[in-house]
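Participant: Predicted model and sequence below, questions to follow.
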Amino acid sequence: MASTGARVRPGRFLPRDPRAQTPYRLTPQMVFRIGILGFLVLVAFAILFFRLWALQVLSGTQHLQAAENNQLRTLRIEAARGPIRDWRGRVLVDNAGATAIRVYPSDLPDKGAYAELKRLAQILRVPLVDITKQIEQYQGDPVTPVTVKEDATEAEVQFLTERNAEFPGVVVEDTYVRRYPFGDLAPQLLGHVGEISPEQLAEQRSYRSGDRIGQGGVESAFDKFLRGQTGLARLRVDSLGRPTSAALRDTDPIPGHGLRLTLDAKLQRAAQAALVYGIDLALDEGNWNANAGAIVALDPRDGAIRAMASHPTFHPEVYVKPGQRKQLQLLLDQEAAAKANYPSLNRVTSGLYPPGSTFKPVTALAGMQEHILAPYDAIPCTGEVTIFKQRFRNWNPFVNEAMTLPTALAQSCDTYFYEVGKRFYDLPPERGHPLQEWANRFGFGQLTGLDVGPELAGLLPTPEWRKATYTKKTDPCCWEIDRLWKPGDSVQLAIGQKDLQVTPLQMARMYALIANGGKLVTPHVVAAVQQGNARGGPTGPLTLRRFSPPPREIAIDKEALEVVREGLYQATHAADGTSAGTFGHFPVPIAGKTGTAERLINFTDYSTLMDTSWWCGYGPSHAAELVVCALIENGGFGGEAAAPAALKVFESYFGEQAGLVQPAEAD
Amino acid sequence: MVDYVVTQRMPSRMPARAREASLLRNLDWVLLATVVALVGYGLWAIDGITKLDVAGDPDYYVKRQAAYALIGSIGLIGAVLIDPQLYRRHSRIVYGGMIAMLLLVPVIGVEVRNTRRWIELGAFQFQPSEFGKLLVILSLAAFLADRGKRVAEGRTMLAATGLALVPMILVFLQPDLGTAVAYAAALWATLFVAGTRWVHLSALLGVAALASVVVLWAAPAAGIHLLADYQRDRLTGFLNPSENPQGSTYNITQSTTAVGAGGLDGRGVSGATQTNLNYLPEHHTDFVFASLAEQRGFFGVSILLLLYLLLIWRAIKVITYATDAYTATVAGGIAFVFLVQIFINVGMTIGMAPITGIPLPFVSSGGSSMVVNLASVGVLQAICARRR
């Protein structure tokens, strides 16, 4: 220590050891350690080799497969949707080629994506929020593009193609959009095509997110025929999903099948015009709130719907044409739709109304079948009648004569039918509720089975229904009274009032039964599925499948039916017939019944009863080809608005003009 | 016991020409040939892997890499000419210079993808932490050799650990976990070769294991996050790669697929879709091995691994040529750091080791790494050339 003391100060941290100068030698310990080092090296390399062998040689095939799958993406090629034609082969809906602007979210630049989308939105005049919302939805899915605009104009397409370098991730693709050559024809019935909703996606397994699917009406109910089969193509992509080659087609798309409807475009057009005409008539007569209506025309022999009009209506192009967002709001937004009186509602199938006097034939038939009514026994018809201490009025207070059934139907005598209603009420309990049972046999209180939804069943009130509906919970003040079936219920039901609710389609079906001699038809809109060229072509489309649901025979006395038919004919032809002024001079004999049903209308600050104007009938009366049911909401008397509107449909169908038309204020 | 008396060589007294002749004669030609083969093989690999990376210039990366190899060769020759004892004598300068360089990084370094590792040097970027790998070995070996027999004392071990921890922490903060691990390997290897007692070595390993458990699991559980989430996910992701194939384990999944898809003889340059379509991230740097495996298959990587084995074998052999504890420790450190880098890099591409940004020696594209690795070989040669 002393010898090196000059260099090493005592107390210094870890001083150098003088023995560090000792000559170096390879000690056995050192050799051992080198050996261990070498062993470590060998072990490490052995591990690597074995692992590589396992990975590359033993399971190389699987990994190769995985690598191949990595780069191939399956693309779906849209199939052309099938056309929809009317009864005579006129194309109601087909496809138009369109140019869609789509954005692949993964290809958007990292920086400046927002600015790019903002510019795109300005150019295409689409709200930026719509784009960003969709893009957020598809985040993490590099192959599904977001459709920004389905039907871009030529100028927009040109602008974008010329500047495609400025819009990375934006592509211009060919697509199809629905075309409506007849414009706003039956939009509620035909439905439209739109992107599948998450709820629909959960139900339908064969669809993919982003697919387009029929929404409502025929488009939805027959989507599986119309949609065709999506083609498949494979695309080589890099790790960001960017295509590196052109798409290779695996399977070509198969165009959808066409549909032939029972609808007649000309008659449908006439029915829609008739509704407007009927509403105008009602307004002229001072029914200031006449604002909606429905007309249905069907063939009583097989239930084929020839026209189905609902008002207010809309133009189906709002779903495809850009820049119609305001119009679309009326259909999609609850509040806006309510303000516009629900244009997308199909009032023929989903509108519920009390039928009023148009229901009287049902009461008459049921009464005769149950032998509580003899058609040619006279019942007094007066201005009012008191039943169980309750006074019921006739619509016409000045009448006072005894009537047979045909006359009572022709003049729509309420007191006559109050009496029939009372007789039903007086039946012993073991007879059940035959009026309701017959009404049910005639199709009330149940779905008609129309092949295109949506449809409502309505309400056929029974004592059981009253009991179940009015409970302490739902009706705390008066449930004990309300749950009872009272004489008034039977009396009102006999003239189609109070709780009874029907759809115009159910009424048309009932009148078809009267017209065809007792057969209950199943209304249907689609006649056949067809394959082949959309535009007709020389050979025409090939019919693949027909739909003609067979009518159901109802066991009903033919003579009773004949009495009712006689009454309905008199209603349109006898001097005092409620719609004789309208149909009396029409060259084709028409039989039918007016109805004026009181319905509670709620306004913002009050409610009041308003008259729903009805007319249902058929023609020619001896061998009916067409049943028409017309309804004008808040349109006043049936003879005032609905009957003249129905006449317009017959005029169009038979190609005849009525000579003199005098709408009457008659029920 | 008998002490062997060894004549001290006096190189300064020999004529310059004779000295050079003896240097040349004593060079490890096998090691040199191996390194030349490795660099050549690496260039060939990079050439194939980066063909599509720069549009319009398929040779962009290989040209750069060749330039780095050239600079590295100058470094190698320079290192052969310098007597390693010089580093020992000036070990404080070596250590201090390294720390200064690492401290400079956060000040004037450039930031790339949230890490600050590089210093701009004209057209090139220079990565001090890579040079640190060699400098840590040189300075630690000097410190340990100077302690002589005291190397067996726990204090020496602790002091050496303290010396190594400073650059480790600096690098860890960049953040560059992989290089920090390499420094740890350098520490462990120098201690091992210098003759630290087994008990101390095991204690060190135990503490390291405990530390990783704390950093990866215990501290996050207690709400202290020493690592960024992505770092922790990468480190632990290899334990269950199927957990989140689109997220944190995406790299492992894609890299394993690439390696496996290579099969026995590879998919060739144009057929290697994992590489060419960018499924494989960082395929010319950290994941270069996976790309090579995809393009050249098991045969291709076997050649590379055998060359590495040869390299490390010769490096270990250099330990036995060493004339003193210092050079022996340096050679051992270099050999072991090579081994650790190779093992971790290859291991991470085949799902056996955590993903840390360690380059594959002589193959990964990158200037600093190439120059340092060649210079390290130069140091090995310098030791070998000055043998008895």
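Facilitator: That came through fine.

Participant: partners of the longest strand along chain B, with directions?
Facilitator: Criterion DSSP state E: the longest strand present in chain B is strand B:115-121. Sheet pairing here is set by DSSP bridges, and for strand B:115-121 it gives strand B:110-112 (antiparallel), strand B:124-126 (antiparallel).

Participant: Tell me which of the ones you listed sits most buried.
Facilitator: Comparing the strands paired with strand B:115-121 by mean neighbour count (mean count of other C-beta atoms under 10 Å in any protein chain shown), strand B:124-126 ranks first with a mean of 16. The C-beta positions use only the backbone N, C-alpha and C, and glycine is treated the same way.

Participant: show me the contacts for A:Arg208.
Facilitator: A:76, A:196, A:201 (C-beta atoms under 8 Å, 6 or more residues apart in numbering or on different chains).

Participant: Now do it, the pLDDT please.
Facilitator: A:Arg208 is assigned 75 on the pLDDT scale.

Participant: show me what contacts the residue in the stretch 251-388 of chain B positioned nearest to chain A?
Facilitator: For the stretch 251-388 of chain B and chain A, the shortest gap (C-beta to the nearest C-beta) falls at B:Gly260, measuring 2.5 Å. B:Gly260 sits next to A:55-56, A:59-60, A:62-64, A:66-67 when contact means C-beta under 8 Å, 6+ apart.

Participant: among these, who's most crowded?
Facilitator: Compared across those, A:Gln56 has the highest neighbour count, 28 neighbours, by other C-beta atoms under 10 Å in any protein chain shown.

Participant: Now it. Nearest residue, chain neighbours left out?
Facilitator: B:Phe298 (4.3 Å; C-beta to C-beta, 6 or more residues apart in numbering or on different chains).

Participant: That neighbour contacts A:Trp53, doesn't it?
Facilitator: Yes: with contact defined as C-beta atoms under 8 Å, B:Phe298 and A:Trp53 form a contacting pair (6.7 Å).

Participant: the more surrounded of those two?
Facilitator: Between B:Phe298 and A:Trp53, B:Phe298 has the larger neighbour count (other C-beta under 10 Å), namely 21 against 14.

Participant: Please report how far A:Gln327 lies from chain B.
Facilitator: 42 Å (C-beta to the nearest C-beta, to the nearest Å).

Participant: Could you give the number of residues near that residue?
Facilitator: If we define neighbours as other C-beta under 10 Å, then A:Gln327 has 17 of them.

Participant: Run through the residues that contact the closest residue to chain B within chain A.
Facilitator: Going by C-beta to the nearest C-beta, chain B is nearest to A:His63 of chain A, at 2.5 Å. Contact partners of A:His63, counting by C-beta under 8 Å, 6+ apart, are A:55-56, B:256-261.

Participant: redo that, cut-off 7 Å
Facilitator: Going by C-beta atoms under 7 Å, 6 or more residues apart in numbering or on different chains, A:His63 touches A:55, B:257, B:260-261.

Participant: Including distance to B:Pro359 and secondary structure, could these go into CSV?
Facilitator: Below are the contacts of A:His63 laid out as CSV (distance: C-beta to C-beta, whole Å; DSSP: H, G, I helix; E, B strand; the rest coil):
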residue, distance to B:Pro359, secondary structure
A:Leu55, 21, helix
B:Thr257, 22, helix
B:Gly260, 23, helix
B:Ala261, 23, helix
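
Participant: closest to A:Thr404 among the residues you listed?
Facilitator: B:Thr257 (91.5 Å; C-beta to C-beta).

Participant: mind checking how far the residue lying closest to B:Leu103 once chain neighbours are set aside is from B:Thr179?
Facilitator: Closest residue to B:Leu103 apart from its sequence neighbours, by C-beta to C-beta, 6+ apart: B:Leu170 at 6.8 Å. B:Leu170 is 10 Å from B:Thr179, where distance means C-beta to C-beta, to the nearest Å.

Participant: These two: which is more packed in?
Facilitator: B:Thr179 (29 against 23).

Participant: How many residues are close by B:Ile74?
Facilitator: Neighbour count of B:Ile74, defined by other C-beta under 10 Å: 13.

Participant: How about the secondary structure of A:Gly595?
Facilitator: strand (DSSP: H, G, I helix; E, B strand; the rest coil).

Participant: One more: the one 5 residues further on?
Facilitator: Three-state call for A:Leu600 (three-state DSSP): strand.

Participant: Mind putting the contacts of B:Gly260 into TSV with pLDDT?
Facilitator: Below are the contacts of B:Gly260 laid out as TSV (pLDDT from 0 to 100):
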residue	pLDDT
A:Leu55	91
A:Gln56	91
A:Ser59	89
A:Gly60	88
A:Gln62	89
A:His63	88
A:Leu64	88
A:Ala66	85
A:Ala67	84
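
Participant: host element of residue 305?
Facilitator: Since you didn't name a chain, this refers to chain A. If you go by DSSP states H and E, A:Ile305 is part of strand A:305-311.

Participant: right idea, wrong chain: chain B
Facilitator: Using DSSP H and E, B:Leu305 falls in helix B:288-321.

Participant: Whichever helix or strand comes after that helix and chain A in contact?
Facilitator: Toward the C-terminal end, the helix or strand that comes next after helix B:288-321 (DSSP H and E) is helix B:325-349. Yes: Helix B:325-349 lies within reach of chain A by C-beta under 7 Å from any C-beta of the partner chain, at B:325, B:332, B:335-336, B:339, B:343, B:346.
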